[in-house]
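>>> Sequence first, predicted model second:
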Amino acid sequence: MIRGIVKSVLEGAIKRFTASGRADETISDREYIQHYGYTSRPKEGAEIIIIREGGHFVAVASDDRRYRISLEDGEVALYTDEGDKIHLKRNRIIEIVGGEKVIVTTRVAEITATESATVTSPEVAVVASSKVTLTTPLVDISDDVTVGGNVTVTGNVTVTGNVAAANVAAVAGVTAATVAAAVSIADPTGTMANMRTVYNTHTHPEHGDGGGTTSAPTQGM
């Protein structure tokens, strides 16, 4: 067994390495065997373990104390020299640290949290080509909401700020400081535009000595 220092690693169907071994010894362009399901490319200067069988050299393990992270007893981690890591910690906590971006690509993604889920970010974007469905007894939003299209609510929505949308239709109810729609706001009995038409044209017989009919309500209400 030889303890060497990595000079370079080349990717390919067969991963190959070049390393320095004992004094004045260089082992060049030899196979680097890794575990199934796991692969890494050590940086120059990493330590490497090489097994020699006759004139055949094979690397079987590597490490780099310059970037290795500290672990508690029983923990496991993947890490890089840039500080990114997936850390399986004590108390069944999994910590993922990505310096710039985390990308997940799959056909179907499911996240199940039996207690709670929190997303904390200056900005969150959900892009759906068909629709976004929220199934919940209550949506509670603590600020203004602006929607470029239509909003249909079958449950209850509570917004402490304002709601602005093209159309707002609610089967149950929307509670907000103000609700503004470019086209209409509707509940199960009709739209606010319909109710306003009825209100603005409403008259009724006037009771009292004079009799007659009341005037329509003040317009613009």
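Happy to help now that I have it. Numbers count the residues shown, from 1 in each chain.
>>> so what's the one residue sitting closest to the centre of the chain scoring on pLDDT?
By CA atoms, centre = their mean, the chain has its centre lying nearest to residue 119, at 7.2 Å. Residue 119 is assigned a pLDDT of 91 by the prediction.
>>> What ranges does the chain have for its helices?
Counting by DSSP state H, the chain has helices at residues 192-201.
>>> pull the helix or strand with minimum mean pLDDT from it.
strand 178-187 (a mean of 60; mean pLDDT, DSSP states H and E).
>>> any idea how the protein splits into domains?
2-63, 67-106, 132-202 (automatic domain parsing).
>>> In CSV: those domains, plus distance to residue 123 and mean neighbour count.
From N, CA and C alone the C-beta is placed, and that goes for glycine too. Shown next, in CSV, are the domains of the chain (distance: least, CB to CB, whole Å; neighbours: other CB atoms under 10 Å):
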stretch, distance to residue 123, mean neighbour count
domain 2-63, 34, 14
domain 67-106, 14, 10
domain 132-202, 13, 13
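>>> Now distance to residue 126 too, for those domains, in a markdown table please.
As requested, the domains of the chain are arranged in a markdown table below (distance: least, CB to CB, whole Å):
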| stretch | distance to residue 126 |
| --- | --- |
| domain 2-63 | 33 |
| domain 67-106 | 14 |
| domain 132-202 | 6 |
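>>> can you tell which of these is closest to residue 213?
domain 132-202 (10.9 Å; CB to CB).
>>> what's the span of the closest one, first residue to last?
In domain 132-202, first residue to last residue: 41 Å (CA to CA, to the nearest Å).
>>> And for stretch 30-49?
Length of stretch 30-49, first residue to last, CA to CA: 12 Å.
>>> Can you tell me what sits against that stretch?
For stretch 30-49, contacts defined as CB atoms under 8 Å, 6 or more residues apart in numbering pick out 1-9, 11, 14-19, 50, 57-66, 81.
>>> looking only at pLDDT, what's the mean for it?
96.
>>> Kindly report the same for stretch 132-150.
76.
>>> And that stretch, how far out from the chain middle?
Taking CA atoms, centre = their mean, to the nearest Å, one finds stretch 132-150 lying 17 Å from the centre of the chain it belongs to.
>>> Stretch 37-48 too?
So, by CA atoms, centre = their mean, the centroid of stretch 37-48 is 30 Å from its chain's centroid.
>>> Equivalent analysis for stretch 43-57, please.
On CA atoms, centre = their mean, the centre of stretch 43-57 falls 41 Å from the chain's centre.
>>> ok, now stretch 29-37?
34 Å.
>>> What's the end-to-end length of it?
Note: stretch 29-37 ends 23 Å apart using CA to CA.
>>> do stretch 5-25 as well
11 Å.
>>> Equivalent analysis for stretch 76-83, please.
End residues of stretch 76-83 are separated by 15 Å (CA to CA).
>>> Contacts for that stretch, please.
By CB under 8 Å, 6+ apart, stretch 76-83 touches 43, 64, 66-69, 71, 85-88, 97, 99.
>>> How about residue 42: what's its closest non-neighbour residue?
Leaving aside its sequence neighbours, residue 42 sits nearest to residue 62 (CB to CB, 6 or more residues apart in numbering; 4.4 Å).
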